[in-house]
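Q: no FASTA, just this:
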């Protein structure tokens, strides 16, 4: 099985495979490459519907050039904990950030910050640490954190040195879903206000009422599922008189 970076010809084959609707595994088999290599390549270059071989090749060359400029000659990257492959981690973070952005997160920088926090063992970093890891300006980090915090995806605490640390934990996605549910509930209420303004039984009012009913139904289901998942998946264990543990409802 060949190793190393994908060639321009291989990227063209990936583009043709995507155009033919082939799954990643089949494209990888034809290239004699791991499926994960093809998946990472596609997801960090626009996804299956926007992938362009020539643009992907130029983007890869540009990233490689930027890394060479950022790392002084002769310097060595500190080894990652647990024997992790630094290149594999970097590629995974790019894919994860792209997927988050395509799923609705505002932009690439906010996605990169969130992924950076998720892929640290501690689950928390300071602004200075984020600047160093992502090689961006403090203003970019501040803007990203402000947005992520407003969505309930990040919270902040002060450590023993009085530095602000930005934190992600098991409860973050629950809190984010609750924030989304509250926004949807407000949309439902606004749609129903329009029913009174436009007049009951008019076509426009019926349309707004249908919107409200649909969103209300879906929102209720999502909220209930999130609460059940939080209780079941993130239950803590509390000791019993006999010494055994039993689940304790609640968040992480």
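A: Looks like it came in fine. Just so we're clear, the structure is a prediction, and the values are computed from it rather than from any experiment.
Q: ranges for the strands of the protein?
A: 124-126, 155-158, 164-167, 236-239, 245-248 (DSSP state E).
Q: in the chain, where is pLDDT below threshold?
A: 1-4, 63-79, 81, 106, 235-252 (pLDDT under 70).
Q: walk me through the domains of it.
A: The chain breaks down by automatic domain parsing into domains covering 1-72, 79-168, 172-248.
Q: could those be laid out in TSV, adding mean neighbour count?
A: Bear in mind the C-beta positions are built from the backbone N, C-alpha and C, glycine included. Below are the domains of the chain laid out as TSV (neighbours: other CB atoms under 10 Å):
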stretch	mean neighbour count
domain 1-72	15
domain 79-168	15
domain 172-248	14
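Q: any idea how far residue 141 is from residue 96?
A: The gap separating residue 141 from residue 96 is 18 Å, by CB to CB, to the nearest Å.
Q: quick one: residue 189 from residue 130, how far?
A: Applying CB to CB, the value for residue 189 to residue 130 is 37 Å.
Q: no, scratch that, I was asking about residue 194
A: Distance from residue 194 to residue 130, by CB to CB: 43 Å.
Q: again with residue 122
A: The gap separating residue 122 from residue 130 is 13 Å, by CB to CB.
Q: how about the helices in the chain?
A: 8-19, 24-31, 35-43, 53-70, 86-102, 108-118, 127-134, 138-150, 172-198, 203-233 (DSSP state H).
Q: of all these, which one is nearest residue 80?
A: helix 86-102 (5.4 Å; CB to CB).
Q: next, the angle from the closest one to helix 108-118.
A: Counting by axes from the mean of the first three to the mean of the last three CA atoms, to 10 degrees, helix 86-102 points 130 degrees away from the direction of helix 108-118.
Q: dump the helices of the chain to TSV, plus distance to residue 156.
A: TSV is the format used below for the helices of the chain (distance: least, CB to CB, whole Å):
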stretch	distance to residue 156
helix 8-19	41
helix 24-31	38
helix 35-43	30
helix 53-70	28
helix 86-102	20
helix 108-118	11
helix 127-134	10
helix 138-150	7
helix 172-198	12
helix 203-233	21
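Q: so which of these is nearest residue 161?
A: Using CB to CB, the nearest of the helices of the chain to residue 161 is helix 127-134, at 11.4 Å.
Q: which residues touch the nearest residue to residue 17 once chain neighbours are set aside?
A: In space, and not counting its chain neighbours, residue 17 is closest to residue 27: 3.8 Å by CB to CB, 6 or more residues apart in numbering. The contact partners of residue 27, taken as CB atoms under 8 Å, 6 or more residues apart in numbering, are 13, 14, 17, 18, 38.
Q: residue 27 and residue 10: what is the separation?
A: Counting by CB to CB, the separation of residue 27 from residue 10 is 10 Å.
Q: what sits against the closest residue to residue 185 other than its chain neighbours?
A: Spatial nearest neighbour of residue 185, chain neighbours left out: residue 219 (6.2 Å); criterion: CB to CB, 6+ apart. Under the criterion of CB under 8 Å, 6+ apart, the neighbours of residue 219 are 181, 184, 185, 188.
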